[in-house]
Every structure is written in C-alpha cells, then in structure tokens.
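In: Show me the folded form of this:
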Amino acid sequence: MSVKTDCSLATDLAESLLQSTSEVTESLLCIEVERESFTAIACYIYRATFAIMELQTSQNTPPNALEIVQSISKKIDFAKDVVCRCQRDTNPIKDHELRSVIVQLESVINHIGEDLRMIPASTYGDQDFAAQAMKSLSLEMKKVQFEVGDESEVQLPKEVVTMEKQSEQVPSETDLYSIDTAALVDDLQSSNASQFVEFLQSTSTSTSSSHMKQRSTSRASITSSHVAEIIEPMYGTFFCPLTKKIMEDPVTIESGVTYEREAIDEWLKKHENSEQMGCPVTGKKLVSRVLSTNFALKTTIEEWKERNEAARIKVARAALSLASSPAMVIEALEDVQSICQQRSYNKIQVRNIGMIPLLVKLVEYKDRDARCLALDILRQLAEEDEDNKEMIARVVDMAALIKLLSSSHQPTRHSTLQFLLKLSESQSLCESIGSVTGAILILITSKYNSLDAFGSEKASEILRNLGNHPSNIKIMAENGYVEPLLEHLIEGSEDMKLEMASYLKEIFLGYESQKYVAVRAAPSLISMVQSGHGLIRRAAFKALASISSYHPNSKALVEAGILQIMVEEMFSHQITDETMNSRVEAASIITNIIDSGLDLEKLQVNVHGHTMASDYIIYNVISMMKNSTPEELNINLVKILLCMTKSPKSAATIVSVVKETEASYVLIELINNPHEELGVVAIKLLIILSSYMGHTLAERLCKTRGLPENLIRSPNELNHVTEKQSISAIFLAKLPHKNVTLNLALLNKGLIPDVLQRINRMQVSGTRTSRYAIAYLEGLVGILVRFTTTLYEPQLLALARNYNFTSVFTELLMRTSSDEVQRLSAIGLENLSAESAHLSKPPEIKKAKTRKLFHLPKSLSFNFSKSKTLSICPVHRGVCSSQNTFCLIEANAVERLLTCLDHEKVEVVEAALSAVCTLLDDKVDVDKSVDMLSSANTIQHVLNVVKDHRHEGLRQKSFWVIERFLSKGGDTSASYISQDRLFPSTLVSAFHHGDVTTKQMAERILRHLNKMPYCTTSLCSM
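Out: Coordinates of the predicted model:
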C-alpha cells in the first residue's frame, strides 16, 4: 500500500477515533463513584485527542501515522468496553471490581502514552513548543498511576496483561498541556470545574439515553478560552498588581516590582504631590520615577500568548467539529474571532489547522447568531490575506451565501454583505459572485432599500466592485441598474465602449430605463458613429437602432442630433461594404424615429433646411430603392416611405414621384422577392398607394411575370397563414373592384377555385390557427366581392353563376365571427341583387297552368347544387334562382340580412340595409316586395336601426326604406310605424339637426304619419 493511501486511511480512522474518544470521555464523567480517578482518566484521554487531531490535519503526516492511530484506536475500544461493562451492571459495583476497572483504564492511559511517544517531532513543523508539550504528555501518561486501594487483590484481564508496561525513567519537563488533576477534582463543585466537565460531555454527538439522564441540564457550557486556560495556566507574574490583568507593556520601577506601564504611570501622577510616594506593593519610598521596560517578562508573556492562542485555536476546532449545541458553537466562534483580532499570524494558523471548511459549513447553521459570527470570522480571514481568500473561495457555496441576503434577520444580511464586499475586492471572484442566479438582482434591491441605510451602502459598494467584470455589467443592466454600463460607455476605453454598445443591442431594458439610457447614451453612441473604427461604428449603430425602436426615445435622439448623422450616412458617403452596412442601420434608425409620430415637417435633416417631409428625402429614398441595393436596406427604405405616407403632404409627394419615376414597377417586382419581409413591406406600401393610383397598379400588376397568381398561391397552403399571404389577399381586395383587366386576369389564371377552397377550409378549421387568419379570410372574401362589380362582362357573369356566389355570400353572413367578412358578404349580395331584375325573365308559356305567386325554396347548401325547378319570383316578375339570377329571396338571404341589422357595427348594418334596399328599388315590383318584407318583420328591424344609430348615411337609408313602406304599404304600414312611441321623436330630431337630405326625408315621413300638415302648391308658393 502506498504512503499516500496510508495517510488517507489514517485521516479517516482519526475522524472515527475522535468520535470514540468523545464518547468514552463522556461516559467516564457520568460515573458517580471514584469521581476523582475517573475524571482524571477522562482528562488524559481528552488531552490525547489533540495529538490525534495533529495527525489528522498536519501538513507533515509521519509515515507511521496509520500504525499510531490504529494502536490508539484499539486502546480506546478496549476502554469503551470496560466502561460499558461497568455501566451495564445494575447492582452497585463492588470495591474489588471498581479497583479492577481503574487498573485496566490506567493501563490504557500508559499504553496510549507509549503510542504518543512514537509521533516524530517533524509532525508539528516549526511549532517546537507543541512537540515539546506532546513529549511531556507522553511521559506523564506512561508514568501515571491511580490510587485504587489494595492493588494486590486486583486480577488483570488477559487484554491488559498483553500490554507490556515499559516505563522509561526520563527527566520530567514542563507540559504546556498539563492539568493539575488533583486540584481539578478538589474544585469539582466549583463553577469552572462544572463547566469543564460539561464541555467534555458536550463533545459527543451521539449519546445513549441512559447517559443523557445522568447529565445535569442546568450546567452551563464552558467557553473555549476557559479550556485554553486549563491547557496552559496563566502565571502570577503575568498580572499587573494594580489592574489584575495580564500586562501588555510591563515596566519595572525602583522597588523592583513590575506593573503595566499605563497603570503605574497613572498611579504615580495621582500621588505625585504626596510627601512620601511609595511602591503600591512594597510601600518602599520611590526616589526615582523612571519606568524601565521589563523586556524579559514582556517577551515571556508574548511567547505565552502565542502558544496559548495556538492551543485555543485547536480547542476551538475540536469544539466546532464535535459540538452539538448552538451555545457551544457560539462560544467557540467568539474565541476564534478574538484570537484572529489579536494578531495576523493567528489567521494563518486558523487556515492551516483546517478550520475554514468548518466555518463555511457554519454559514448555513441553524442558529442565526452562529451564522453571523461565522460570516464575520470568514470576513476577518479574508482581509489582507489572498491565500485565505482563495481557500474561502474554493469551499464557499456562493448560492447559499446569496440566499442569506434574503434573510429576515437584519444582522445576518449585514454580515453577509460585509463578507461579500470583502470577497468582491478580488477580481477573480467578481465573476463567480455575479454568475449566481439572482445575486445581482438581490444586491440591486438591497441598494435601493431606503429602510436599511447600512445594507444599501454595502450593496452599492459590492455592485461597484462587481462592475469591474463586463459580464456583471450586462446582468446589472438587465435587472434595471444601468449606471455602470453607461459610465463605461461614456468614459471607458475603446474596447470597453465597444463591449457596452454591444450589450445595449443584446439586452432588453425595462420601460423605466429606456428613456434614461437614450438621454445618457445617445451623445456617446453618436460620437462613436462619427469617429470610431469599423467595429465600434457597427456596435454603435446597432445600439442606436435598438434604442430608437422604443418610440418615446425618439425625441431625445432627435435632440442629440441623430437625424442629421443618419441622413448623411445614407445619402452623402461613398458606397463601400462598410458604408453599405451603416446605411442599413441608418435607415432602420430613421424608420423608428419617424414611425414614432413626430411631426416630419419639424425634423430638420441638414444645414440646408431640409426636413424629413422634404422632396429631397423622398426623391433620394426612391432613387436608392430603384438601384440595386441589399434586401435589408430596401426593407428599411420601403419602411421609411410607409411611415411618410402618414403625412398627407408626404403621401401626395410619394404618389407623384412613384408615378413620375415608374417606381411602382420596382415595388411590384419586390412582391416576388424571396425575402418575405421585403415582400410584406412592399405590399403594405402598394396597398396605401392603391387609394391614389389603384388602376395603374392593377394594370402593371397584370403585366408582371408571376402575378397576380403568386399573391394567392403559396407553398405553405393553409397549414399556417403567414403575414405575406394575408396582406397579399388584402392588396387584391383593395385594388379598384371595377378593374376588368385584373378581374379577368384572376379568372384566366384559374384562381377562383383556389380562393373558394381556402375560404371553405378556413370556415371549417376556424380562424384561430394564425394571428393573420382573420385578415386573410377578409381579403379572400374581398377578392370575391370585386367580381360582383363587373357582372356586365360575360365571363365574370358566368363565373358568378357557376360558383353560385349568392349562396356563398349568404352562408358567409352567418358562418363567421368577422365583422368585415359580414360587411363584405352583404356588399356582394347587394351587387348581385342589383342584377336580379335584369337577369330575371318571364318563362315561355307552352301550356296554361296554375302557378303559385312566389316560391321560397329551402336554403341552398355550400356545394352549389343546381335545381331544375322553375319558379316565378313575384318581386322580380320572372323565373328566379339564387344561382342564375342571384335572387335573394330564392337564396333565403333576406332573413340573414335582417339579422345583420341588429349588429352593433354601423358598417355591417349599412351594408346589410343596402342589400335589402335592392328589393325596394324601382326595378322590382315594390308592392309585392313590401308584402314579402312585411311578413319578415322588416320594418321593425329598420326602426331599431334608426333608434340605435346616429350615422347620417345609415339614417338616410333607413328613412328611405320606411318611406317606401309608407307609400306602398298603405294604412297597415303607417299604423305599425305609428305604434312605435320613440320613432316620432327620432324623426323630429332628424328634422331639426340632420343635413338637407335627412330633413327632407324626415319631413315626408312625418306627413305620412300625420305629424305635419300637407302643403298645397299655392301655400308653398306664398
């Protein structure tokens, strides 16, 4: 087995051995008889644990460490068995049995002393005093004997006989770890002795219930300093006779007595006017007041302190390793804290003895006072000691440390902040602190906690230190603390500015931070654009593009002079790869700014007085768009034009320039561009331009290769409706409906079946499959409506008949949740119904037979099935069908149109009412139509429209329908209308406040209802 493996085994076995010694010690202290002997044995075993700890933690582990630990372990196991046998006996132990137990334990102590002698002095390194002390302890344990009465009667067991006692006669030396056992037992009833016994008892982590019953719960636990004093007592010469405290600066006066300098100096000043100023101890008159430093005693005290502190550190480590009570842990920690404050070297000893991992573990201890002490000690150890700081960093759990910042216990939070502050002073630790999830967010919250000024100050200092690492700056900005980022952006080096500008592009700032960042960062970023090299310029451009995307920032950016710089970048610089990239970003920034709603007339772009609304800008943008440019730049150029169309003046200029420069061809060609976003923005601009030059666009669309079919057909089909599909359909629906060229092109390209198929599928699957689905459906229906405006064209008339458009629009009225689809369907029915009177022809009479006045067939299904049954429509005075003559009555569309009159949207109501009006115009048999509509309760629906809506055009249509009913419906209609109590007041209001047409219509209806007198011709001429 290798030496390294032996050392590892020795370390593991030593840990188990320390546990066993603690249990044996506690058991010995619980024995009530012969307490003097058993307490002395317990003390010897306890003192031996320091040697075991040295073997466990020493940097110079001897080769025979495993052999020594194994040997001691056997003795301790034997002692445990002896004590257990003694405690298991329920009867009072007899004298000879008691003597036998003590003799056996004495043999154990003697042989452990032999084992301790085997530890080489090199184990203790440069701590010569420790080696000397252990040597003395070994000799003392080898020679120790306990009074047990008549030893001749004691029969030693076989195990003891095999332990041969080899007591060497070696001169005794002073033992730093010596304990006056007799004195200890004599004072066993005193508080200090009780405390020491309790301390020894509390070092066991596992205790049988029988032992626990024997322990007194009223005993106070001993402090580590008390144990250290017992380990090496303080000598009387160390104390000042005046202060009764150990002297720091001992001085000797004329009488030969030594005092603390400060104490004797004060005493002499106090008695300087006395006739005889004498020594406070001897009373001898003092002639001289000279104070001579007692260097020998001072050196002795300092050496004693150093040795005593080293011993106290070991005692504290043992206490922290084995302690089970918070009180014991706190006392040990307080002693360690005091020791570390006394001299810097003690911090090194604390580290070397392996106490840092114990302290780190106590950071998560159950007692919060202990946690605070552990944190404070770790902070002390990290102060001005990079080795300690490095070791702490290796073992500390940063995540657990950060959790303590959320503690409800303020001292815990403060101690944690102070410790983190000390760690954050190390550049290498800043990243590990900042990388803990939520660490920076919690620190920022603490910084702005106005109820805790101390915590706020420390959190600010930590954040300042963490800001030295760039990745932490980014996290801070993401959590709302942007000041470090801005400071480095404004005042940092070029590399730092580059990195900070990159962060501004990557992070998402909250709305509260956006405007502040824009104001602070814009001047610096603009300066980087103007004077920086390629990488810096690119990063600055991207950061400005990100900032400008938040519209409220536009004003601050304009005030910083960004528009002049961006326009210059777009139109003035010579074209290179770098300037082309900067033009893309500049165009994006300009788009964001003018899209924010600022007045284009007030946005000056150069020293010549040009503004964003000037022809100069429009001509340059369109000229640049017509040239071969990257797709990304074209996207932004089209977006600029889109934004400028919001201004009527700019829109008129754009239309003029587009017509003048034939730029419409360029825009239409962009529809076929494979870059979808470019196609989308181009179509959006064309939709706006269609209001000004729709016929021109329609003609040019039909002359472009691949169009208009590419606007309908898409490889995506209907699995997922894209934005481009949606606006393509809307574009076709918005172009002038009566443009026969486009309508025939759509027909000849075979696109109508595709449109109907897509409408049908969307009706089945619903419009929730995509955010663009509803707009897409509205566009498709709009495409169908455009054909109903050119039914005079035979091919288009045949199209409407073949696909039974009347049934299609009738079904769409009720099978959609879109208001626009309902409106468009009603318009389509209106256009179709307007042709019914023209298309309806009387049948050829071959044989007289009785016919019904009119026939209402069942609702036609969406499959466009044809009926061969001929019926005479009373309204259109001929043979009608929904498919061939587009008869609303035959299509059962009237009832559905009347339902739409109850709609809340004025546009839907107006379209539906217009469709109904086609059944009351002069082309049809109005009398029959009024009878048919009266049976459907049409007049009540119209009266409701008048009461519910104040729209002038809708009111005029409603009045027209009511007037037709009054003139053709006779007294029945008049009586029905008169019963509505609110209608007369509505008429009066319209008569007083409506326009000329509305007033005239209201007047005629009032006369019909006998609410106004009829004027004769002679009266009217007066």
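In: From now on I want contacts and neighbour counts done on CA atoms only, so please keep to that.
Out: Noted.
In: and residue 704, what does it touch?
Out: For residue 704, the contact set (C-alpha atoms under 8 Å, 6 or more residues apart in numbering) comprises 668-669.
In: ignore the last one, residue 598
Out: By C-alpha under 8 Å, 6+ apart, the neighbours of residue 598 are residue 555.
In: you'd agree it is in a helix?
Out: No: if the criterion is DSSP: H, G, I helix; E, B strand; the rest coil, then residue 598 is coil and not within a helix.
In: change the start of the numbering to 12 and stick with it
Out: Yep, numbering from 12; the last one is residue 609 now.
In: ok, residue 373 touching residue 384?
Out: No: contact criterion C-alpha atoms under 8 Å: residue 373 and residue 384 do not qualify, at 9.0 Å.
In: Those two - which one has more neighbours?
Out: residue 384 (25 against 21; other C-alpha atoms under 10 Å).
In: and the more buried one, what does it touch?
Out: By C-alpha under 8 Å, 6+ apart, the neighbours of residue 384 are 341, 344-345, 348.
In: switch to 6 Å and redo it
Out: Neighbour list for residue 384: empty [criterion: C-alpha atoms under 6 Å, 6 or more residues apart in numbering].
In: Am I right that it sits in a helix?
Out: Yes: assignment of residue 384 by three-state DSSP places it within a helix.
In: Residue 913 - how many residues pack around it?
Out: Neighbour number of residue 913 under other C-alpha under 10 Å is 17.
In: pLDDT score assigned to residue 607?
Out: Looking at residue 607, its pLDDT stands at 88.
In: ok, and the closest non-adjacent residue to it?
Out: residue 562 (4.9 Å; C-alpha to C-alpha, 6 or more residues apart in numbering).
In: For that neighbour, what are phi and psi?
Out: phi -60, psi -40 (degrees, to the nearest 10).
In: surely it meets residue 606?
Out: No: with contact defined as C-alpha atoms under 6 Å, residue 562 does not count as touching residue 606 (7.6 Å).
In: ok, now how distant is residue 925 from residue 918?
Out: The spacing between residue 925 and residue 918, counted by C-alpha to C-alpha, to the nearest Å, is 11 Å.
In: ditto for residue 775
Out: In terms of C-alpha to C-alpha, residue 775 sits 26 Å off from residue 918.
In: same deal with residue 485?
Out: Residue 485 is 52 Å from residue 918, by C-alpha to C-alpha.
In: Neighbour count: the two, which is higher?
Out: residue 485 (22 against 17).
In: What count of nearby residues applies to the nearest residue to that one once chain neighbours are set aside?
Out: Leaving aside its sequence neighbours, residue 485 sits nearest to residue 514 (C-alpha to C-alpha, 6+ apart; 6.3 Å). Residue 514 has 22 neighbouring residues, counting by other C-alpha under 10 Å.
In: mind listing the strands in the chain by residue range?
Out: 261-263, 269-271, 303-304, 883-884, 889-890 (DSSP state E).
In: Compare those and say which comes out lowest on pLDDT.
Out: strand 883-884 has the lowest average pLDDT among those, namely a mean of 84.
In: That one - which strands sit beside it in the sheet, and in what orientation?
Out: strand 889-890 (antiparallel) (DSSP bridges).
In: quick one: the strand it pairs with to chain centroid distance?
Out: 72 Å (C-alpha atoms, centre = their mean, to the nearest Å).
In: contact partners of that strand?
Out: So strand 889-890 is contacted by 851-853, 882-884 (C-alpha under 6 Å, 6+ apart).
In: and what of stretch 926-939?
Out: Everything outside stretch 926-939 that qualifies as a contact, by C-alpha under 6 Å, 6+ apart, is 841, 845, 886-887, 979.
In: residues of that stretch that come out buried?
Out: Under the neighbour-count criterion of 16 or more other C-alpha atoms under 10 Å, stretch 926-939 has 926-931, 934-939 buried.
In: Dump these into CSV; add pLDDT as well.
Out: Listed next are the buried residues of stretch 926-939 as CSV, based on pLDDT from 0 to 100:
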residue, pLDDT
926, 94
927, 94
928, 93
929, 93
930, 92
931, 90
934, 89
935, 90
936, 89
937, 89
938, 88
939, 90
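In: Which of those residues lies at the shortest distance from residue 948?
Out: Each of the buried residues of stretch 926-939 was checked against residue 948 using C-alpha to C-alpha; the closest is residue 927, at 12.6 Å.
In: quick one: that closest one from residue 568, how far?
Out: 56 Å.
In: Also residue 767?
Out: 50 Å.
In: ok, these two, which is more surrounded?
Out: residue 568 (23 against 17).
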